[in-house]
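# return atomic coordinates for the entry below.
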Amino acid sequence: MPYSLFLSIAVAAVWLAACTATPRPLETVPSVDLDRYYGRWYEIARLPNRFQAMCVSDTQATYRPDGNTVAVLNQCRTATGLEQAKGIAKVVAGSRGARLKVSFFRPFYGDYWILDLDPDYRWVLVGEPGRQYAWILAREPKLDAATLTALLARAAELGFDRQAFILTPHTPAMR
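Predicted coordinates:
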């Protein structure tokens, strides 16, 4: 094999390996004050997922303390009415509240990592280390365009597919 052909193949292999490299480890915010995090959050945008496929609008989550866990109530409007899912979350030891394990079907738990959080707890970017699931939540059903754009850019910086996010509509009756 001629040297130039070998070199071309080697360069192509290195380039392909770089394109398929695993993204850097996902980092969370340093800490979360769960007392401030509790309450209602409106879904502003999400990466599509099978367990929310039926949701057409008005998606929201409510978190409240429940002993050593966090009670979770998710709800959304479907084509035929209102859907609700009750679950629990457990804080991951050593995460200072920034990483939780959430379950709607015990004993199965999923990661819920807080990746970016407004200092006043007005909005949050949540995801998981596989970068398959992500949500932008806010305390109000609308988020200003500049903040939404910045959060989508932050999600892209973290390795999430920015173009795949879908916006969640909200109707006045569900506020």
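# flag every buried residue along the one helix or strand K101 maps to.
Element membership for K101 (DSSP states H and E) is strand 99-105. Buried positions in strand 99-105, judged by neighbour count with 16 or more other Cβ atoms under 10 Å: 99-102. Where C-beta positions appear, they are placed from N, C-alpha and C, glycine not excepted.
# and of the residues you listed, the nearest to A85?
Nearest to A85 among the buried residues of strand 99-105, counting by Cβ to Cβ, is V102 at 10.4 Å.
# where's the residue positioned nearest the centre of the chain relative to V124, distance?
Centroid-nearest residue in the chain: A134, 2.4 Å away (criterion: Cα atoms, centre = their mean). In this view, A134 and V124 are 11 Å apart by Cβ to Cβ, to the nearest Å.
# now tell me which helix or strand of this protein has the poorest mean pLDDT.
Ranking every helix and strand in the chain by mean pLDDT, DSSP states H and E puts helix 3-19 at the bottom, with a mean of 35.
# returning to that earlier point: so which elements touch the strand holding K101?
strand 69-77, strand 82-91, strand 108-117 (3 or more Cβ pairs under 8 Å, 6 or more residues apart in numbering; DSSP states H and E).
# what about 7 Å?
If you count contacts as 3 or more Cβ pairs under 7 Å, 6 or more residues apart in numbering; DSSP states H and E, strand 99-105 packs onto strand 82-91, strand 108-117.
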